[in-house]
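K.L.:
Fold the following and give me the result.
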Amino acid sequence: MASFAVPQVQSNPSSWGPSLNSTDSPKFANLPYAPFGRSDRIGRAADFTTSQQNYRYNNRYDRRFNRDGEGQTGNDDFQYKLDAEDATFQLVDTAKNATKKFVAPAAQRRRQQQSRLRQLNARQRGQPDKENKRHDQPQRTRRRNNWGGGRGFGRGRGGRGRGYYNSRVDRQASVAVKAEWTVVDEFELSKWAKIRTPDIPSEEDLLWCGFLDQYNNLYDKVNTKSNVSLRRTETKDFYFVSTTDDPVVEKLAIEGAGQVFATDAILAHLMASPRSVYPWDIVVKKLPNGVLFFDKRDSSQFDFLTVSETANIPPTPNEDADNINTPEKLSLEATTINQNFTQQILKQASSKSRQVFDLPNPFFDDEESGGMEPASVAYRYRKFDLGDGVNLIARTELHGIVKKAKSQQYMTAFALNEWDSRSATAGIEWRAKLDSQRGAVLATELKNNSCKIAKWTAQSILAGADQMKVGFVSRVSRTNNYEHAVLATQSYRPKEFAAQITLNVHNMWGIIKMLVELFKNQPQGKYVLMRDPNKPVVRLYSVPPGTFEEEDEDEIEGAE
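P.N.:
Next up, the predicted model:
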């Protein structure tokens, strides 16, 4: 076998590479050495296109990878040097370049001619060119002017520039987070929208309370030409009682009828929460025996309806006290319209048209009524079997009965309202399109109020309603938020309408089951589910037992 002799390597203790006076290896004597680092990025190996005068400053590879900050790479011995003759060399070409004359297309020449004619006509009328009438401008120019012009930063319809961030609204949380609150978990609403449960809970009626009046079928014939003025209901009381303040729920909890208690409004809100945009919060109490109460704060805005919550351009807060289109005033207006509409579409109370149930309205007190009577509402307490021995007790609401030839159906009633037909949010003017294109109007409302309509549909399904009456109510004048008119009504079957608006029943109950399982593993105490005001995130907080009780006491003292 051939042997391999290891060559002798000369040691150089003063620097890297061979020594300057190498006697053992003459071929390496005075050999220049290029310093390098393993982390250095390699640029060009050689550049023969750069002239001498900009060789040091215009070579982007030298500027990018230099180590001494002066355009030098440190390897001058390996760099290409230009001779003086090469620096003065210049290619001379005396031939003239043939330029091709540009001829605009015929369509472009016609547009230019029309533009010049419009300018001449404007001068003849004594108007400056910049103040030409809108209809004298081309369609593309009108569209560009309407949206702020050009493609500059923050201008025009496309792109997210300075105008986008100026229009963004930083909302405040629905309740202030205290220092003693502890974050237990955090959820993304986009993941809630993907939760599914294979089984739909079976329901069972436990109790019926209150009464229901009959629906007036004449409102099915209302249209924009023969609209009906919306009247104020000033002699009826509406009740928005929380879960823990309901005496019937308290009685059922003592009897052990279920392990989870809530109202249809709270359940529907959780079911439709993936579509929500505005902040909200729900209080959850877990007792020592494991019973759960899904509740709301008495001082919250939970029972007020939102307006254009999911629109591309939602209503924005305004410090002007006279502005009637702020989110707070629109919410109060929509809630009042909804209450008045649910009672106006019913017939006058009589023994033939009213159905009275076994138990009276649990929240009506005759001694403290002051001449008022409860609104036509039936409270239907239902039990839903969630599986694994868990029963959910929910207080649901029905608003009327629809009598046909040989049948009687229960219904819920809700009202959509048009607040400004000329706003950027409206899109379609109801009085012009409602009779001929009702589907387009509904599609626009589904885009602008997706969360609110989903909640109404979920409430109707929970209550077991056969019909859901939706009214279209508009202001008599766009600047008057006190007078309204009913333009039309439409009936929907809740389950079919849920499929139409892509509200999945399996997803609705999947969210509720997920939350019930979550609280099973938590210790007893009080919790707050709160949506982030500016991000689609829900956080679960563990709060002290006395949280929110001081606010409730202050409200009671103020009312007294």
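K.L.:
Relative to Phe293, how far out is the nearest residue to Phe240 once chain neighbours are set aside?
P.N.:
Leaving aside its chain neighbours, Phe240 sits nearest to Asp303 (4.4 Å; criterion: Cβ to Cβ, 6 or more residues apart in numbering). Glycine gets a C-beta too; all of them are placed from N, C-alpha and C. Using Cβ to Cβ, to the nearest Å, Asp303 is found at 17 Å from Phe293.
K.L.:
Same drill for the two, tell me which one is more crowded.
P.N.:
Set Asp303 next to Phe293 and count neighbours by other Cβ atoms under 10 Å: Phe293 wins out with 20 against 11.
K.L.:
what are the pairing partners of the helix or strand harbouring that one, and which direction each?
P.N.:
Element membership of Phe293, judged by DSSP states H and E, is strand 292-295. Taking DSSP bridges as the criterion, strand 292-295 pairs within the sheet with strand 260-263 (parallel), strand 281-286 (antiparallel).
K.L.:
to the chain's geometric centre, what's the distance from the shortest one?
P.N.:
What separates the centre of strand 260-263 from the centre of its chain is 27 Å, taken as Cα atoms, centre = their mean, to the nearest Å.
K.L.:
can you check the longest one too?
P.N.:
Centroid displacement of strand 281-286 relative to its chain, using Cα atoms, centre = their mean, is 23 Å.
K.L.:
contact partners of that strand?
P.N.:
Residues lying outside strand 281-286 but in contact with it, judged by Cβ atoms under 8 Å, 6 or more residues apart in numbering, are 173-175, 244, 266, 269-270, 292-297, 300, 302, 519, 522-531, 548.
K.L.:
Ok, the shortest one next?
P.N.:
Residues outside strand 260-263 that contact it (Cβ under 8 Å, 6+ apart) are 242-243, 246, 249, 252-253, 291-295, 386, 390-396, 516.
K.L.:
give me that answer again for 6 Å
P.N.:
Counting by Cβ atoms under 6 Å, 6 or more residues apart in numbering, strand 260-263 makes contact with Thr243, Val249, Leu292, Phe293, Phe294, Leu392, Ile393, Ala394, Arg395, Val516, all of which sit outside it.
K.L.:
Quick check: mean pLDDT of it?
P.N.:
Confidence for strand 260-263, expressed as mean pLDDT, is 96.
K.L.:
Next: stretch 200-214.
P.N.:
According to the model, stretch 200-214 has a mean pLDDT of 95.
K.L.:
does the spatially most central residue of the chain sit in a helix or strand, and which one?
P.N.:
Relative to the mean C-alpha position of the chain, the nearest C-alpha, by Cα atoms, centre = their mean, is the one of Val277, at 3.8 Å. Using DSSP H and E, Val277 sits in no helix or strand.
K.L.:
Next one: the closest residue in space to it that isn't next to it in sequence from Val441, what distance?
P.N.:
Among residues not flanking Val277 along the chain, Glu309 sits closest, at 5.0 Å (Cβ to Cβ, 6+ apart). Using Cβ to Cβ, Glu309 is found at 18 Å from Val441.
K.L.:
same thing with Gly525?
P.N.:
Here Gly525 is placed at a distance of 47 Å from Val441 (Cβ to Cβ).
K.L.:
Low-confidence ranges, this protein, go.
P.N.:
Across the chain, the ranges flagged by pLDDT under 70 are 1-2, 9-10, 15-104, 106-107, 109-111, 114, 116-169, 424, 426, 550-560.
K.L.:
ok, now with 80
P.N.:
By pLDDT under 80, the weakly predicted segments of the chain are 1-170, 299, 349-352, 369-370, 405-406, 421-427, 549-560.
K.L.:
What about Asn504? Give its phi and psi, please.
P.N.:
In this entry, Asn504 is assigned phi and psi values of phi -80, psi 120 (degrees, to the nearest 10).
K.L.:
That one: how many residues sit nearby?
P.N.:
Look at Asn504: counted by other Cβ under 10 Å, it has 15 neighbours.
K.L.:
list the contacts for Phe414?
P.N.:
Listed by Cβ under 6 Å, 6+ apart, the contact partners of Phe414 are Trp456, Val470.
K.L.:
Please disregard the earlier target; I meant Asn391.
P.N.:
Neighbouring residues of Asn391 by Cβ under 6 Å, 6+ apart: Gly258, Gln259, Lys383, Asp385.
K.L.:
so the third one is in which element?
P.N.:
Assigned by DSSP H and E, Lys383 belongs to strand 378-387.
K.L.:
Kindly spell out which helices and strands sit in contact with that strand.
P.N.:
Using 3 or more Cβ pairs under 6 Å, 6 or more residues apart in numbering; DSSP states H and E, the elements in contact with strand 378-387 are strand 202-213, strand 390-398.
K.L.:
Dump it to PDB, keeping only the CA atoms.
P.N.:
Listed in PDB are the C-alpha atoms of strand 378-387, where the atom choice follows Å, rounded to 0.1, in the frame of the first residue of the first chain:
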ATOM      1  CA  ALA A 378     -95.100  34.700  26.800                       C
ATOM      2  CA  TYR A 379     -92.100  33.400  28.800                       C
ATOM      3  CA  ARG A 380     -91.500  29.800  27.800                       C
ATOM      4  CA  TYR A 381     -89.100  28.000  30.200                       C
ATOM      5  CA  ARG A 382     -87.500  25.100  28.400                       C
ATOM      6  CA  LYS A 383     -85.100  22.300  29.200                       C
ATOM      7  CA  PHE A 384     -82.400  21.300  26.800                       C
ATOM      8  CA  ASP A 385     -80.500  18.000  27.200                       C
ATOM      9  CA  LEU A 386     -76.800  18.700  26.500                       C
ATOM     10  CA  GLY A 387     -75.700  15.100  27.200                       C
END
